[in-house]
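Q: structure for the following, please:
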Amino acid sequence: MSHSNGFISFLRHYGPIPAGDNMYDELIQAEIERYGIDPVIHITPARLQEVQENFGSIEPRNVILTGTAGDGKTFHCRQIWTAFGSDLEHWNAGEKIVFLTLPASGKTLTIVKDLSELTQDEKNKMLANLAASVAGKDPENVYLVAANDGQLLASWRDWSERLGEDEHEIFKIVEDMLVEERTRDDVLHLNLYNLSRLDASEHFQELVEQVVEHPQWSQCDGCEMLKSDGSTTCPIRINRERLRNGNEGSVFRKRLGELMKLARASRMHIPIRDLLLLGVNILLGDRQSGRILLTCRTAKNRADKEDYHLTNPYTNVFGMNLSGRQRQQYQVFNILEAFGIGRETNNKFDNLLIYGAYSDSNIYTDLVSSDAYYGAPAYEPYLRDYLEGARENIEEFIQALSRQRQGLFFSLPAESTLDPWHLTVYKESGKFLEFVEGLKSGGDTSQTTELLVRGLNRTFCGMMIDDGTELYLASSGGDGRGRVASLLNYYLPTTRNKRSPYLNFALGADDATPCMQIVDPTADGNGIVDSLALQLTHFEYLIRVASGSLPASFSRQCNEDFLDFKLRLIKRLDDLIGEEPFGDEISLQTITVDEYGRAHRDNIRIRVSS
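A: Down below sits the predicted model:
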């Protein structure tokens, strides 16, 4: 019988299992005991300490945990249940709602494991009791409720609209807390935690580190595919080495983390469960029809036949070992697929991959030829047929070329002369990440700021303005949406000003998305007149426009977003600093652009007859 590592068998349970398996948490707990997994793979629950301290206090508040499936809502609830001495066997008995007495306050804690599992009558009864408690009308009971945020709002809205104004007012406060991402509200006895607002990139690195460095990899000792010098032909361990950090760190892991940061900045959330699923799929993904995940036995078969093209970790990232229908069930694959890695390219990359083997390219040698598993052996037979043969396998060549693009994206070092982000839909992603890091650390962001302002000016005015040091807010009369806007309403500096409004860039509340702000330094509070979050698509749009693209050619939606912001901003500045006509004259300013892209402002005075 061939050698087998029980840890691999256990990891398969974290892979792409049926998405509708509502016993997921209980299943994993049973498998941990079955395979004797020690230490257990987990991340520190994001809000567990706060929630536990709350329910351990003399005056506990109600708690609602929201987020998408796989964010750890049920896990938090189970930990609270056991933390206060309740029996885990009772928890696993299948009850939808459980109760315990809190030791410090003596109050009864009602735990709703998942709001979506309740019937409509059960929801209505529970919401009535919860509303009474958060309103301070029931001092003897507190609640811990796990709910998808959409499900929570829909159920609470429907329930409250059938009752009085007081109940609907409570719902509105909860809705505002979710929208504004507030944890507390002074009116309600409630803490609201959205577990979807967490940094997936940090969690992914933590989970992958636990998986690839788990001590139970030692169970591979004695396997015939593992040589005495540490080398191996096992595709599972080969993929593991690609994810391990080593002395210089893993480019593969670093780039995966960057993709997750970009996803977060684009409001695309990856649940914790999907992060672990992704890591396991990279290690064990198998494209052999119907297999999906490797076992120790199938890994040996792939090695014996040198079928490494079936276990490529760079395609496993995108779930290519699954059918299209299966991939759609997992949010992480949908999000990563949206970057277009493998489909997007440019002449530099394709020239490298098609002619690099014949031109002594160092990059080709280092990253393709030297990869004995997923590089030249898996690619060059198709390349030779394309260049020298009858071209009978064009489709296979295109697929092999796509896999090499994916491999390059995840292996090109940061100091390379080729930009890996040009292999994605969002070619300015690298600049975006540098800009975010610069805003976070207080570094120099002036070069990118100037490009963004230039893109804004070209969008706001419809002219090829090269200036990126002042922001021009211009209109064209009517609704202000004309292709060319030459009536200058305001021009704002892009450096701090003590007296006049100015444009500022800062990180948004999520600490991941840049935000452009118009700041009035003379106002009370933070002085922000208006602001707009620059999601990745908005950032890409502005940089492309600054580099010569026409404003509506890349994204009509982005163009509309910025025009809406401009018109809203002009209205707010009119209310703030607008001047009334003086005497019988109206003063206007126009803006024109010379052949060098320089903006010129001209004053026009119009006499108004009495």
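Q: roughly how far does the nearest residue to E380 once chain neighbours are set aside sit from A135?
A: Counting by Cβ to Cβ, 6 or more residues apart in numbering, A357 is the residue found nearest to E380 once chain neighbours are left out, at 6.5 Å. C-beta here means a position set from N, CA and C on the backbone, and glycine is covered the same way. For A357, the distance to A135 (Cβ to Cβ, to the nearest Å) stands at 72 Å.
Q: low-confidence ranges in the stretch 351-500 of the chain?
A: 477-481 (pLDDT under 70).
Q: for T44, grab the count of nearby residues.
A: 8 (other Cβ atoms under 10 Å).
Q: so it is in which element?
A: Under the criterion of DSSP states H and E, T44 resides outside all helices and strands.
Q: need the pLDDT of it.
A: The model reports T44 with a pLDDT of 75.
Q: just read off the phi/psi values of it.
A: Torsion angles at T44 (phi, psi; degrees, to the nearest 10) stand at phi -60, psi 120.
Q: and for I270?
A: Given degrees, to the nearest 10, the pair of backbone angles that I270 has is phi -110, psi 120.
Q: leaving out chain neighbours, which residue sits closest to it?
A: That would be A200: by Cβ to Cβ, 6+ apart, it lies 4.3 Å from I270.
Q: count of neighbours near the one you found?
A: Neighbours around A200, by other Cβ under 10 Å: 24.
Q: wait, it sits on L275?
A: Yes. Contact status for A200 versus L275: in contact at 6.1 Å, counting by Cβ atoms under 8 Å.
Q: related to what we said a few turns ago, give me the distance between the residue nearest to E380 and L383.
A: For A357, the distance to L383 - Cβ to Cβ - is 7 Å.
Q: which one of these two is surrounded by more residues?
A: Neighbour totals were compared for A357 and L383, and L383 leads with 22 against 19 (other Cβ under 10 Å).
Q: for that one, list the residues it contacts.
A: L353, I354, A357, F397, A400 (Cβ atoms under 8 Å, 6 or more residues apart in numbering).
Q: dump those residues to a markdown table, plus secondary structure and distance to E206.
A: Output for the contacts of L383, formatted as a markdown table (DSSP: H, G, I helix; E, B strand; the rest coil; distance: Cβ to Cβ, whole Å):
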| residue | secondary structure | distance to E206 |
| --- | --- | --- |
| L353 | helix | 34 |
| I354 | helix | 39 |
| A357 | helix | 39 |
| F397 | helix | 39 |
| A400 | helix | 34 |
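Q: for S218, state which of those residues is nearest.
A: Checking the contacts of L383 against S218 with Cβ to Cβ, the nearest one is A400 at 35.8 Å.
Q: tell me how many other residues surround that closest one.
A: 20.
Q: wait, it touches D385, no?
A: No. The criterion here is Cβ under 8 Å, and A400 misses it with D385 at 9.9 Å.
Q: tell me where the protein has strands.
A: Applying DSSP state E to the chain gives strands spanning 62-66, 97-101, 108-112, 141-147, 190-194, 285-286, 292-293, 470-475, 487-493, 502-507, 514-519, 528-533, 585-593, 599-607.
Q: would you turn these into a markdown table with mean neighbour count and distance to N316?
A: Listed next are the strands of the chain as a markdown table, based on neighbours: other Cβ atoms under 10 Å; distance: least, Cβ to Cβ, whole Å:
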| stretch | mean neighbour count | distance to N316 |
| --- | --- | --- |
| strand 62-66 | 25 | 31 |
| strand 97-101 | 15 | 39 |
| strand 108-112 | 20 | 37 |
| strand 141-147 | 23 | 31 |
| strand 190-194 | 21 | 30 |
| strand 285-286 | 26 | 3 |
| strand 292-293 | 22 | 10 |
| strand 470-475 | 22 | 45 |
| strand 487-493 | 18 | 48 |
| strand 502-507 | 18 | 33 |
| strand 514-519 | 21 | 32 |
| strand 528-533 | 16 | 33 |
| strand 585-593 | 14 | 50 |
| strand 599-607 | 11 | 51 |
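Q: what residues are up against the residue nearest to E380?
A: Y364, V368, S369, A376, E380, L383.
Q: which one of those residues has the most neighbours?
A: Busiest of these [other Cβ under 10 Å] is V368, holding 24 neighbours.
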